[in-house]
Structure formats: structure tokens, C-alpha cells
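Colleague: Sequence plus predicted model, see below.
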Amino acid sequence: MQEERIQTDKTQQSITNKANYIEVWEDLVDIKEMVISLILCSTLSLAGYYFAPQEPPFPLFMGLGGAVIGFLMITIRVKPKRNVTQSHDKILGLNNSEGGDNQ
Amino acid sequence: MTTIILLQMVIAAVIGTVMYTIIGAMPGADETATLAPITLVLILAGVEPVVVLTFFMAAMIACKLIDAVPVSVAGIPAGVMSTPMIEHAMVLKRLGLTDLSIVKIASGAVIGTIISVPISLFAANALLPYGDTIKAYGGQIFFIGTVFLALMSKKRLIALLAILPFALLIQGLRQLYWSIGVVPEGVNVFISFFLGITIGPMLLTLFELLNKDNRDKMERYGTKEIKLSQMQQGKGYPNPFRLLTKKEIGLSAIGSLIGSVTFILSPVGLTTFMGELMASREKDPVKKASLALTTMEALAQATYMSGTLIPLIAIGIPLSPMALGPANPLFNAPPALTLERNMHHLLSTTDFVAATLIGATIALLITFYVAVRYANQICLFVFKRIPHEALLGVFFSLVLLLAYMDGGLVNIAGVLLIGWVAGMLHRLGVSYGVLFMILYSAPWLMTTLSR
């Protein structure tokens, strides 16, 4: 039964490649890309710290810089797993919102 | 205070506000992880302490206020502190009232700050003569706070049972570090442990991924559908007092009052508890959610403010969750600042008042406006462009970096361990608030138990 389920999962994934993301911390990620991101950012960050000149604040600064560089690299290469649409329903405006003090 | 310094303070406040309005809007960017390191860097870089304080005040307020946006628009927590609000924000979102949610939270933040600044300053000055006594009983006070929050949580039995074992783990690791020499004797590893707890649930998920059976059992999703409701643009500068009902203003004022004096309690725990309390009598779902959000935010801002100002002005050692967390560099940033010579000793009351007023005013002016007018654009940008993987990566690497800085490779293992356990406890129902409080009361608890 386990095997059957795995088979179906794999088929589904190869056909649609859609239902493939897991939820970590309230949002969706692709496992492989997440692992790459974790390793990349950590390595760059620790490398920045390690190879920085020894007087503070350089080590922390370079460590942060490494993390930011990793962040930018991932942001450029990886697509967010979100589909953002604007709803055009009628929305209460700020001036006549229910919370105004005409209550 | 010279004109040059004043100018620097204003510039610092603006930079802090802008930076943290952006950082705070990113889901997963926790305040402690992002505020503490940057503040530390500024202090070590030699920036005038009073200027750094102004930066910090502005950043702190901006960061918390802008949390309103991801929380309301997509139900995504922008840091541990905003988690209690999600449930209520989602009630409003489901009814198409996302902009109302943002407006309520942002306005609550304004009330919270306006009230807590004078009260915190006043309370700090009132407590000044008792500073040493409070310092002496710090451990006991934290412990009482821990038990209080545990009793207030939903799963109170497990919360209470978790206190001793978790405290044991924390102190055990610290003692280990002392005995093998990676950390100087008596220095309590703190920030990395705090981050370890924050990252706990995520770590747990990561560890579970290593097991193929678990992987297959995990729920899989397609792309997440996020609907942004269209906001109607108002004119001119929004007035928070007109955007809230009298009841909301009143109750959030009370919330701020409470938050301003309970500087010892964890903001997360207190916010959850108070939010439920304040909104419990309201039956109408929209009014109930609005009330809860407004009071929660007001309380949170007030706790941040008092948690930073009171220990800084009256006590001199970090004796509050804020002071132990994001504000820690203001107390302890060797070699520039130490527990014997930090902002408490270096700044005068005028300095504190000026830094707070400048930082708070500028942060509120800018971020409140941005939150209320540009919520839609911010969310659009963040959700469309910034992948969650990138945020997890940055956060994770920050945790590792700070862990390594606090205690080398050993501490990386230690922090992972703490995160693992915290993640499991969290899953069993122990809230972040209680976990953090255990972290604060661990030293005293363990020494007392061994008597």
C-alpha cells in the first residue's frame, strides 16, 4: 500500500508538478530549493564571519553581509510559491469603515 | 546635546524607520533576529549611544507596526510577536475587511506608543530608587511571571510541566559551556538560545523531512493562493483617532497602561491573554476582531516600550524580555558597552526622553502612513518577489551565525538542540511566551532548586 501511494505521488508530481510544496512556518516552500537556500546562506554567512578582519564590528557585519548576499541570490533564482491575485470585490473604504467613530 | 547630535538622531530615526518598515513587512523576519545584530553593529562601529538608542526606538516601533500588513493581508506572521493576532485578522479578511484589519492594528500601535512613552518614562523614574532591589529579586520576578503565563495558557498542565525540564536544558548547556571554556564563566548565552526557541518549529519540520516516510506523509500543496483585497484610497494624512471607535481607544489605552508597567512579562504571552480578555464580551465578529487587534497591538507596543525603557533607565541590567532580546546590545555590546558601563550609565534622563520622542514620533509619522496607504503595494511586492525559501535561509543562517558567535561550534549544536526541544514543546501546546519566560527564569530556578 505504501508503494502504491508513493507510485501515485511520483506520477502526480511528474504530470502536474503542482502539489509538491510543503508548509514551513506558515508559508510554502519547495524542499530542494529550501535546503539549497539554507546551506547557501549559512555558508556565506559563516564564511563572511570567518574571513572578516578580527576587530569588531567587522566579523558580525561580514556575517550579516554574507547572509544578505545569500538572500539576494535565492530571491533572484527561486520563484515564490504564491499566486497573488487582486480581488475586485467591493471593499469598504477607510472613510466609511465600520470602525469609524459614528458608532 | 549638541545640534549635530540632534541632527544625527533625526537621521538615525528616519533610517531606522525606513529600514524596519521594509524588514518588518517580510514574513518570518523576527524582530530579535533583525534588530539585535544591526543595533550591535552600530554600537561597535562607534556611533554615539544616544543616536543608536534613537535608531532602536524608531526601528522597534516601525517594525512592530508594519507587521499589521502581512498579518492582515495574508495571515502570515511577520515575527513571533504577531502570531496571536493572526486568528483575528483572518476573521476580518474572510469578510473582505483586510484594510480594516490593517487600520485597526496600525491605529492601536499609535495609541499604544503615545500612552506608553510618558508612562514608561514616569515608571522608570519612579522605580529608580528601587533599581537595586529589583535587580536582586530579578530571578524570582521572572519565575512568577513564567508560572503566571503558564497558568494563562490553553494547555496549562503541559506548560507547567515543561518549566523545569526546559530550564534544566538551558542551564545545563550554559554550565557545560562554562566548564569546557567556550564561554567565559558566568556569562549567560542568551540571544542564540532565544533565536533557537523562535526557530524551533521550523527546525522540527526540517528534521522530520529527513525521514522518507514522514516526507511522504506530509501534506503537499500547490501554489498558495493569496487574494489581496483592493483598498480604497483615502485623502490626506489618516487620523488614528477617527479610525477607531471610542471603545477601542479606551480599551487599548487600558491595554497600553498595563503593558507599560508589566515590563517583565513576555509580550507574546501577555498580548494573547489580554487580547482574549478585552474582546471576550463583544459578540459581533467584526467588532470583536477589531477590538482584539487594536488592544493587542497597543499592548504589544507598550510592552516593547516599557520593556526597553524601564530596565535601561531604572535598573541598568537587562531585566525584561525586550532587554534580553532585541534590546540586549543596548546593555551589553563588548567591548563598547558592558553590564557595568552601558547606556544606563552613559545617558542622562534628557537623552532618554529625547531619543524616545524623536524615534517614536518619526517612526509613527512615517510607518503609520505607509501601513495605511500602501499596504496593498507592500504586500504585492513582498509576496510576488520574495520567496519564502530566501527568508528561511536568512533567518536560519542568522541563527547559526549568532550561535557561533555566542559559543563556537559547540553552541551551534546547543542551539539546534534547544530549537528541537522547543519545537516539540511548542507542538505539544506550550506557547512561545512561556518558553521565553522559562529562558529568562532558568538561572534563578536552577540555583534555587539545588539548595
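Modeller: Looks like it arrived, so ask away.
Colleague: what about the closest residue in space to B:Phe142 that isn't next to it in sequence, which helix or strand?
Modeller: Distances taken as CB to CB, 6 or more residues apart in numbering or on different chains place B:Ser441 nearest to B:Phe142, at 3.9 Å, with adjacent residues excluded. In this view, the C-beta of every residue, glycine as well, is placed from N, C-alpha and C. Element membership for B:Ser441 (DSSP states H and E) is helix B:432-449.
Colleague: Would you mark the buried spots in that helix?
Modeller: The neighbour-count check on helix B:432-449 (16 or more other CB atoms under 10 Å in any protein chain shown) flags B:432-446 as buried.
Colleague: Out of the residues you listed, which is nearest to B:Lys283?
Modeller: B:Gly433 (27.1 Å; CB to CB).
Colleague: Relative to chain A, how far out is the residue nearest to that closest one when sequence neighbours are not counted?
Modeller: Spatial nearest neighbour of B:Gly433, excluding adjacent residues (CB to CB, 6+ apart): B:Gly269 at 2.5 Å. Distance from B:Gly269 to chain A, counting by CB to the nearest CB, to the nearest Å: 20 Å.
Colleague: mind listing what B:Gly269 touches?
Modeller: Going by CB atoms under 8 Å, 6 or more residues apart in numbering or on different chains, B:Gly269 touches B:Leu149, B:Met152, B:Ser153, B:Ser431, B:Tyr432, B:Gly433, B:Val434, B:Phe436, B:Met437.
Colleague: Give me the neighbour count for the fourth one.
Modeller: Just to be clear, that refers to B:Ser431. Counted with other CB atoms under 10 Å in any protein chain shown, residues neighbouring B:Ser431 total 24.
Colleague: hmm, back to that, which two from the buried residues of helix B:432-449 end up farthest apart in space?
Modeller: Greatest spatial distance among those (CB to CB): B:Tyr432 and B:Met446, at 21.4 Å.
Colleague: Apart from its neighbours in sequence, what residue is nearest B:Tyr130?
Modeller: B:Tyr130's closest residue in space is B:Ala314 (CB to CB, 6+ apart), at 7.6 Å.
Colleague: repeat for B:Val370
Modeller: Spatial nearest neighbour of B:Val370, excluding adjacent residues (CB to CB, 6+ apart): B:Thr21 at 5.8 Å.
Colleague: Helices along the stretch 251-400 of chain B, start to end?
Modeller: B:267-279, B:285-310, B:321-324, B:328-331, B:343-346, B:349-363, B:369-385, B:388-428 (DSSP state H, counting those that start in this stretch).
Colleague: Adding mean pLDDT, write the ones you listed out as TSV.
Modeller: Shown next, in TSV, are these (pLDDT from 0 to 100):
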stretch	mean pLDDT
helix B:267-279	78
helix B:285-310	91
helix B:321-324	82
helix B:328-331	87
helix B:343-346	84
helix B:349-363	92
helix B:369-385	80
helix B:388-428	89
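Colleague: Can you tell me which of these is most buried?
Modeller: Most buried of these, by mean neighbour count (mean count of other CB atoms under 10 Å in any protein chain shown): helix B:285-310, with a mean of 28.
Colleague: any idea of the angle it forms with helix B:349-363?
Modeller: Comparing the axes of helix B:285-310 and helix B:349-363 via axes from the mean of the first three to the mean of the last three CA atoms, to 10 degrees yields an angle of 150 degrees.
Colleague: which of the buried residues of helix B:432-449 lies closest to B:Phe143?
Modeller: Distances from B:Phe143 to those, taken by CB to CB, are shortest for B:Ser441, at 4.3 Å.
Colleague: what residues are up against that closest one?
Modeller: Taking CB under 8 Å, 6+ apart as the test, what B:Ser441 contacts is B:Gly139, B:Phe142, B:Phe143, B:Gly145, B:Thr146, B:Ala167.
Colleague: now A:Pro53
Modeller: Contacts of A:Pro53 (CB under 8 Å, 6+ apart): A:Pro59.
Colleague: Assign it to helix, strand or coil.
Modeller: coil (DSSP: H, G, I helix; E, B strand; the rest coil).
Colleague: Now do the same for it: its pLDDT.
Modeller: In the predicted model, A:Pro53 carries a pLDDT score of 84.
Colleague: Pull up the residues of the stretch 251-400 of chain B that are close to chain A.
Modeller: B:286-287, B:290, B:335, B:372, B:380, B:383-394, B:396-398, B:400 (CB under 8 Å from any CB of the partner chain).
Colleague: and if we set it to 7 Å?
Modeller: Residues of the stretch 251-400 of chain B that fall close to chain A, judged by CB under 7 Å from any CB of the partner chain: B:286, B:290, B:380, B:383-390, B:392-394, B:396-398, B:400.
Colleague: circling back: what's the closest of the buried residues of helix B:432-449 to B:Ile258?
Modeller: B:Gly433 (15.0 Å).
Colleague: before we move on, the earlier item: relative to helix B:267-279, how tilted is the helix holding B:Ser441?
Modeller: Using the same axes, to 10 degrees, helix B:432-449 lies at 120 degrees relative to helix B:267-279.
Colleague: CA atoms of helix B:432-449 as PDB?
Modeller: Provided in PDB are the C-alpha atoms of helix B:432-449 (Å, rounded to 0.1, in the frame of the first residue of the first chain):
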ATOM      1  CA  TYR B 432       6.300  30.900  22.800                       C
ATOM      2  CA  GLY B 433       5.600  33.200  25.600                       C
ATOM      3  CA  VAL B 434       6.000  30.500  28.200                       C
ATOM      4  CA  LEU B 435       9.100  29.100  26.500                       C
ATOM      5  CA  PHE B 436      10.800  32.600  26.500                       C
ATOM      6  CA  MET B 437       9.900  33.200  30.100                       C
ATOM      7  CA  ILE B 438      11.500  29.800  31.000                       C
ATOM      8  CA  LEU B 439      14.600  31.100  29.300                       C
ATOM      9  CA  TYR B 440      14.600  34.200  31.500                       C
ATOM     10  CA  SER B 441      14.000  32.400  34.800                       C
ATOM     11  CA  ALA B 442      16.200  29.400  34.200                       C
ATOM     12  CA  PRO B 443      19.300  30.700  36.000                       C
ATOM     13  CA  TRP B 444      17.500  31.600  39.200                       C
ATOM     14  CA  LEU B 445      15.300  28.400  39.000                       C
ATOM     15  CA  MET B 446      18.200  26.000  38.800                       C
ATOM     16  CA  THR B 447      20.300  27.700  41.600                       C
ATOM     17  CA  THR B 448      17.200  27.800  43.800                       C
ATOM     18  CA  LEU B 449      16.300  24.100  43.200                       C
END
